[in-house]
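Visitor: Provided below are the primary sequence and the corresponding predicted coordinates.
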Amino acid sequence: TLDCFLLHLFILGVVQGSVRTAAPGQSSPIEDSPVFRIPLTLSEGGGHYLAKIKVGRSNDTAPQTFQLIVDTGSGDILVFSKEHCAHSEKLNLFHPSCFNASASPSFIPKQDPKRFQVLMVDGLWANVSYVSGSDEVGFADQIPVPSTRPPLGTQRTTIFVGVADDFVNETQLAYWNNTDGSVGLSYRFVHTKSPEEEFLITWLQHQLEALSPPQPLVLALDFRVNPDEQSYLNVGGVYQGILWAQAQPWQVTGSGAMFHELNVFHLSICGVDLLSNYSSHWKGIVDTGASCFALPGEFFDMIMSWVPALECSEEVQTQDSWLDSPSCYLKPGYDKSALPSLTFMMEEDGPLLEIPLSLLFLPQPDGRDKICLVRAPYIREPQLLGMQVTRISFGTAALVNLLTVLDMTNRLVGMRSKQAYNIGNSSLCASRVQCVGAQKYYAPMNSCVDPECGSYYFHEIRPETRECHMRVSFAVVAIFTLVGFACAEVMLSEAYRRLAHKVVSTFTTTG
């Protein structure tokens with residue numbers, strides 16, 4: 001989630017890696033070795049990946065199971081209560097499973113007051129009120145590797161239980177997309193050293209450390225959109241060919257979570273570096289609570305200027321959105337598989353990683369091809385709600401072609417492209433515009449920039465030639481001024497001559 005109230009926690013270090021590139025259209029031959037594979041289900045709208053989580057443990061009662069959004073932008077586990085679900089049904093919203101606290105003997109409620117939880121879904125506020133407690137939590141579906149390995153058990157940890165609240169409106173609840181809640185896979189920073197609170201960041205780590213041999217807390221996101229292919233959250237293990245990002249100063253959000261951050265080097269499209277006028281790199285985050293690829297408005301506009309097959313409409317935004325992002329669609333008659341890819345690096349002069357634009361499309365009720373690109377606030381705009389400079393955010397659609405590894409032990413992010421698509425100049429890339437006169441070509445926007453004639457006194461640009469020239473009005477004024485000075489000079493000269501003649505005549509007469 002894009003939490004907006006930020007503090008700073010600094011961790012230094014740089015880890016470098018390498019990656020092998022697959023042949024065009026071919027899967028990478030690299031073999032990975034996860035310790036556990038957690039099957040994921042794609043949500044109805046195709047924007048979220050859900051893990052089956054079990055909550056509660058008792059000798060007489062089976063644990064309750066939920067399909068929860070895998071969210072790398074938070075560190076919390078949230079499920080909806082039966083009361084909340086009954087309230088949602090009155091609004092024609094439904095959740096497949098709801099938590100019944102009274103049916104879980106292991107649930108321990110806390111006496112905290114009701115609070116507010118936000119899942120930021122592509123700039124939309126998915127809100128819910130909640131109370132907190134603790135219970136036994138674990139993965140309901142898991143595949144140990146090898147199969148003889150004992151499965152991961154459960155661990156007592158804090159959970160948030162969504163409750164009915166008229167303060168949260170129907171639109172805000174709808175953004176949860178009829179899921180059962182969310183499971184946070186981010187770091188969780190707490191200010192207490194009590195054992196129960198420590199579980200907020202270590203409930204998976206403790207179980208992995210108890211294995212033989214102990215395993216570091218490493219998560220690998222392997223998202224798929226093909227219904228014939230299974231998506232997984234891989235836990236533990238070793239992943240080959242991963243290009244590791246540089247370690248970042250970690251930022252603690254207002255909810256206590258820390259983002260999985262990375263530097264995105266030389267973000268490019270159609271062979272053009274979009275960051276060239278700003279920096280070699282830009283801060284990015286991995287946020288699977290969102291579905292789209294979000295980036296600052298300037299970079300969004302650059303992509304649109306290079307891909308004329310996309311058209312955007314400034315549709316009316318809901319009041320629950322903090323973004324003013326247009327909806328963009330593929331124009332009729334174009335093949336989305338021919339769209340170019342976004343490319344970037346994890347380090348200066350590193351191997352390319354690829355985000356095909358063709359994989360950023362999510363199914364729409366009206367059948368149109370809407371691309372999942374979000375225009376975040378412009379860099380030049382005042383930042384909202386205390387946010388720092390807008391980051392590049394990798395939602396689920398942006399990660400389909402990227403095996404993404406989150407090394408939570410060393411706090412690093414690594415990626416590897418799965419297939420090679422249209423890295424070079426696609427047939428759907430715009431042609432370079434031709435500049436005239438004194439114009440200069442600005443590649444990121446594929447546009448021509450007029451000379452700054454206003455920087456020169458009394459100059460303006462000539463529309464026909466796009467060159468600077470002196471203003472006509474100034475030339476007329478200058479001519480009249482010079483003529484005036486010339487006339488004044490003649491008149492003064494004549495006056496001096498007459499005065500001199502008069503003085504000479506007077507001197508002669510008196511002499």
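Guide: On my side now, so go ahead. Numbering: from 1, shown residues only.
Visitor: ok, F394 - contacts?
Guide: G284, I285, V286, D287, F293, L402, T404 (Cβ atoms under 8 Å, 6 or more residues apart in numbering). C-beta coordinates here come from the backbone N, C-alpha and C atoms, glycine included.
Visitor: spatially nearest residue to the third one, not counting backbone neighbours?
Guide: Pointing back at V286 there. H260 (4.3 Å; Cβ to Cβ, 6 or more residues apart in numbering).
Visitor: ramachandran coordinates for the one you found?
Guide: phi -80, psi 110 (degrees, to the nearest 10).
Visitor: hmm, it is touching N410, no?
Guide: No: applying Cβ atoms under 8 Å, one finds H260 not in contact with N410, separated by 12.0 Å.
Visitor: comparing these two, which residue is more hemmed in?
Guide: The neighbour count for H260 versus N410, taken as other Cβ atoms under 10 Å, is higher for H260 (28 against 13).
Visitor: and the pLDDT at the more buried one?
Guide: H260 is assigned 89 on the pLDDT scale.
Visitor: now it: how far from Y442?
Guide: Going from H260 to Y442 by Cβ to Cβ, to the nearest Å gives 33 Å.
Visitor: so which of the contacts of F394 comes closest to V131?
Guide: D287 (25.7 Å; Cβ to Cβ).
Visitor: and the pLDDT at the closest residue to that closest one other than its chain neighbours?
Guide: Sequence neighbours aside, G73 is the residue nearest to D287 in space, at 3.9 Å (criterion: Cβ to Cβ, 6+ apart). Looking at G73, its pLDDT reads 83.
Visitor: give me the element G73 is part of.
Guide: Of the helices and strands defined by DSSP states H and E, none includes G73.
Visitor: what about it, how many neighbours?
Guide: Using other Cβ under 10 Å, G73 is surrounded by 26 other residues.
Visitor: surely it touches V183?
Guide: No: G73 lies out of contact with V183 (Cβ under 8 Å); the separation is 11.7 Å.
Visitor: gap between T396 and V449?
Guide: In terms of Cβ to Cβ, T396 sits 37 Å off from V449.
Visitor: comparing those two, which shows the higher neighbour count?
Guide: The neighbour comparison of T396 against V449 (other Cβ under 10 Å) goes to T396, with 30 against 13.
Visitor: that one and V286: what is the separation?
Guide: Counting by Cβ to Cβ, the gap from T396 to V286 is 10 Å.
Visitor: try F293
Guide: Taking Cβ to Cβ, one finds F293 at 11 Å from V286.
Visitor: and for E489?
Guide: Distance from E489 to V286, by Cβ to Cβ: 77 Å.
Visitor: one more: V272?
Guide: 25 Å.
Visitor: more crowded one of the two?
Guide: Using other Cβ under 10 Å, the more surrounded residue of V272 and V286 is V286, with 26 against 19.
Visitor: my guess is the more buried one meets L262, correct?
Guide: Yes: under the criterion of Cβ under 8 Å, V286 makes contact with L262 at 7.3 Å.
Visitor: what do the two both touch?
Guide: By Cβ under 8 Å, 6+ apart, the residues touching both V286 and L262 are V413.
Visitor: the helix or strand where V476 lies - what's its average pLDDT?
Guide: For V476, the host element (DSSP H and E) is helix 472-510. Helix 472-510 carries an average pLDDT of 81.
Visitor: got the contact list for the residue nearest in space to the middle of the chain?
Guide: Taking Cα atoms, centre = their mean, the centroid of the chain lies closest to S393, which sits 1.4 Å from it. Neighbouring residues of S393 by Cβ under 8 Å, 6+ apart: L2, G284, I285, D287, A290, F293, A294, L295, V374, A376.
Visitor: can we see that at 7 Å?
Guide: Applying Cβ atoms under 7 Å, 6 or more residues apart in numbering to S393 gives the contacts L2, I285, D287, A290, A294.
Visitor: which residues does it bridge with?
Guide: On the basis of DSSP bridges, S393 is bridged to I285, A294.
Visitor: hmm, A294 is touching C372, no?
Guide: No: between A294 and C372 there is no contact under Cβ atoms under 7 Å: 9.3 Å.
Visitor: more neighbours: which of the two?
Guide: A294 (28 against 22).
Visitor: next, work out how far apart the more buried one and F300 are.
Guide: Distance from A294 to F300, by Cβ to Cβ: 8 Å.
Visitor: next one: V477
Guide: As for V477, its distance to F300 is 46 Å (criterion: Cβ to Cβ).
Visitor: the two: who's more crowded?
Guide: Per other Cβ under 10 Å, whichever of V477 and F300 has more neighbours is F300, with 22 against 12.
Visitor: distance-wise, check the more buried one relative to C312.
Guide: 9 Å.
Visitor: same question for L406.
Guide: In terms of Cβ to Cβ, L406 sits 32 Å off from C312.
Visitor: compare these two (neighbour count), which wins?
Guide: Between L406 and C312, counted using other Cβ under 10 Å, L406 has the larger neighbour count: 20 against 16.
Visitor: how close does the closest residue to that one other than its chain neighbours get to Y187?
Guide: Among residues not flanking L406 along the chain, L219 sits closest, at 4.6 Å (Cβ to Cβ, 6+ apart). From L219 across to Y187, the span is 11 Å (Cβ to Cβ).
Visitor: same thing with A500?
Guide: Where Y187 is concerned, A500 sits at a distance of 95 Å (Cβ to Cβ).
Visitor: and what of G289?
Guide: Distance, G289 to Y187, using Cβ to Cβ: 15 Å.
Visitor: for F259, same thing?
Guide: The gap separating F259 from Y187 is 8 Å, by Cβ to Cβ.
Visitor: between A500 and Y187, which one's more packed in?
Guide: Y187 (22 against 10).
Visitor: what's the pLDDT at the more buried one?
Guide: pLDDT, read off for Y187, is 76.
Visitor: one more: the one 4 residues further on?
Guide: Looking at H191, its pLDDT stands at 46.
Visitor: can you give me the helices in the stretch 201-350 of the chain?
Guide: 297-306 (DSSP state H, counting those that start in this stretch).
Visitor: quick one: low-confidence ranges for it?
Guide: Counting by pLDDT under 70, the stretch 201-350 of the chain has low-confidence residues at 201-203, 249-257, 315-323.
Visitor: ranges for the strands of it?
Guide: 218-222, 231-235, 243-244, 250-253, 257-258, 260-269, 272-273, 281-286, 293-296, 310-313, 327-330, 341-345 (DSSP state E, counting those that start in this stretch).
Visitor: quick one: closest of those to P105.
Guide: Between the strands of the stretch 201-350 of the chain, strand 231-235 lies closest to P105; by Cβ to Cβ that is 27.6 Å.
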